[in-house]
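> Okay, predicted coordinates and the sequence, questions at the end:
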Amino acid sequence: MDKKEIIAIYTTFLRPSLVKKTLPTYLKFFNGKVLVLDQGKDEDNIEKIVRDLNDSRLLYYRLPFDCGLSYARNFGVKKAKELEEKYILLTADSIELIEPIKADKIISFLESSENYAIVGLELKNRVLWHLDMELKKDGWYLDLPRRPKIIFEEIEFIPCDVVKNFFIGKVDLILDNLWDEKLKLAEHEDFFYRLKNKNYKVFYTDYLSANYINDKNPTYNSYRQRIYSEFIPKVKEKYGIKGSYFHYSDKLVEAFREWKRKNKK
């Protein structure tokens, strides 16, 4: 058992088959409470799936339909604070745990500086996304991390600006930088950009990992596609971005190609 308590924020939307597959892995590999935050439809029966697992560590919350990732995550972080938890594991129905989440050393690292906010974890089957990020008038400029690595208790931590949405983070610092609830999607870069501007520090480590399951059923995907038609335009308007949304460095493009070569099935 971990000595330092941590609570999981597990969001789900319109994918009950994924919940059946991934949620049991949290009971197997995670020792803390799990907030199951459901913004889907009643007929998905997520509450029944949770109830049938019959474990008091699972806390189910029915959120307004299609309230968005930002609303759901903010709800979870606020609930974690109410429950007097200091750390969260941010995760989702598409993330399957494959090893015990032994968070003690990562939490000790976060506690080593008051402005250390988030440590991103490895997500297999998902393209690398621990990156440095700069906002210019014509979009987000992304590059491989450039700052020196930090070794803490024999674990390698890579300073960066943005990580995947599978991370361990401090509740109080995230409460000071909640997700923009106007962004049901395309919330990612906005959240980490504002975190960076507050001088809160983000890191990545492959010390802990999980599997990403790419399962986008037609109903879910019809909502997901709004990221391009509705929510990326909202982010561009928010920051006055006039050009392409993303710009990738040459080194990052080559890293993406190498990742695809290694993961080609």
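Yes, it's here.
> To what extent is L58 buried, counted in neighbours?
Neighbours of L58 under the rule other C-beta atoms under 10 Å: 19. (Glycine included, C-beta is placed from N, CA and C.)
> My error: substitute I9 in the last question.
Counted with other C-beta under 10 Å, I9 comes out at 23.
> Name whatever forms a beta bridge with it.
In this entry, I9 is beta-bridged to L35, L90, by DSSP bridges.
> Hmm, it is touching L90, no?
Yes: between I9 and L90 there is a contact under C-beta atoms under 8 Å: 5.3 Å.
> which non-adjacent residue is nearest the spatially most central residue of the chain?
The residue lying closest to the centre of the chain (C-alpha atoms, centre = their mean) is N165, at 1.6 Å. Leaving aside its chain neighbours, N165 sits nearest to L90 (6.0 Å; criterion: C-beta to C-beta, 6 or more residues apart in numbering).
> OK, contacts around the one you found?
Taking C-beta atoms under 8 Å, 6 or more residues apart in numbering, we find L90 in contact with 9, 73, 165-169.
> Distance check, it against P159.
Distance of L90 to P159, given as C-beta to C-beta, to the nearest Å: 19 Å.
> related to what we said a few turns ago, hey, what's in contact with both of I9 and L90?
Contacts common to I9 and L90, judged by C-beta under 8 Å, 6+ apart, are R73.
> Can you list phi and psi of E47 for me?
The phi/psi pair for E47 (degrees, to the nearest 10) reads phi -60, psi -40.
> The nearest residue to it once chain neighbours are set aside: which element?
Leaving aside its sequence neighbours, E47 sits nearest to Y60 (C-beta to C-beta, 6+ apart; 5.3 Å). Secondary structure from DSSP states H and E places Y60 in strand 58-62.
> Can you tell me what sits against that strand?
Strand 58-62 is contacted by residues 23, 27, 33-38, 46-47, 50-51, 75, 79 when judged by C-beta under 8 Å, 6+ apart.
> Mind checking which of the residues you listed are in strands?
Among those, the ones falling in strands (DSSP state E) are 34-38.
> Please identify which pair of the residues you listed lies farthest apart.
Farthest apart among the ones in strands among the contacts of strand 58-62 by C-beta to C-beta are V34 and D38. That separation is 12.3 Å.
> So which of these two has more stuff around it?
More crowded of V34 and D38, by other C-beta under 10 Å: D38, with 26 against 22.
> contacting residues for the closest residue to that one other than its chain neighbours?
Excluding the flanking residues, the one nearest D38 by C-beta to C-beta, 6+ apart is I46, at 4.4 Å. When contacts are counted by C-beta under 8 Å, 6+ apart, I46 touches 12, 16, 19, 36, 38, 40, 60.
> For Y245, see how far away I46 is.
According to C-beta to C-beta, I46 stands 32 Å off from Y245.
> angle of the strand holding Y60 against strand 34-38?
Interaxial angle of strand 58-62 relative to strand 34-38 (axes from the mean of the first three to the mean of the last three C-alpha atoms, to 10 degrees): 20 degrees.
> and strand 58-62, what's its mean pLDDT?
Here strand 58-62 scores 98 as its mean pLDDT.
> Adjacent strands (with direction) for that strand?
Note on strand 58-62: by DSSP bridges, its sheet partners are strand 34-38 (parallel).
> which pair in the contacts of L90 spans the largest distance?
Longest span within those, C-beta to C-beta: R73 and I168, 14.1 Å.
> those helices in the stretch 151-265 of the chain, which residues are they?
For the stretch 151-265 of the chain, the helices defined by DSSP state H, counting those that start in this stretch cover 171-175, 188-197, 218-224, 226, 232-239, 250-263.
> where in the chain is pLDDT low?
The model of the chain has pLDDT under 70 over residues 1-4, 265.
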